[in-house]
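Engineer: Predicted structure and sequence below. I'll ask about it afterward.
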Amino acid sequence: MTTRTPTPRVPEPALVRSTLVAVTGIVALIVGHAINVEWIDSAVTVYTMLSPIIAGLLIRAVVRPVKGANAATGGQ
């Protein structure tokens, strides 16, 4: 029996965007004036492009090929 290590999850871009909007709103409230939020879309675009790479690196650390294992039979 093999032990499965939980795979870390990369947050979805929608969750990242909503968090950035919420944090920006809180900062605007504390500072006391409106803050330009146009940068959020650019930041989410960059995150969206990088998230598959980040996810691949995180998954690769957990899932490594076993030498000599037969893929069709699951290594049996």
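Structural biologist: Looks like it arrived, so ask away. On a predicted model such as this, the values are computed, not experimentally measured, just so you know.
Engineer: Mind telling me which residue is nearest the centre of this structure?
Structural biologist: For the chain, the residue sitting closest to the mean C-alpha position, by C-alpha atoms, centre = their mean, is V10 at 2.3 Å.
Engineer: sec struct for that residue, please.
Structural biologist: The three-state label given to V10 by DSSP: H, G, I helix; E, B strand; the rest coil is coil.
Engineer: With A61 instead?
Structural biologist: A61 is classified as helix under three-state DSSP.
Engineer: Let me know how buried the nearest residue to R17 once chain neighbours are set aside is, in neighbour terms.
Structural biologist: The shortest distance from R17 to any non-neighbouring residue, by C-beta to C-beta, 6 or more residues apart in numbering, is to V44 (4.6 Å). (Glycine included, C-beta is placed from N, CA and C.) Counted by other C-beta atoms under 10 Å, the residues lying close to V44 total 18.
Engineer: check contacts around V44.
Structural biologist: Counting by C-beta atoms under 8 Å, 6 or more residues apart in numbering, V44 makes contact with 13, 16-17, 20.
Engineer: Show me which residues of the host helix or strand of it are buried.
Structural biologist: Under the criterion of DSSP states H and E, V44 resides in helix 39-62. Using 16 or more other C-beta atoms under 10 Å as the test for burial, helix 39-62 gives 40, 44, 47, 51.
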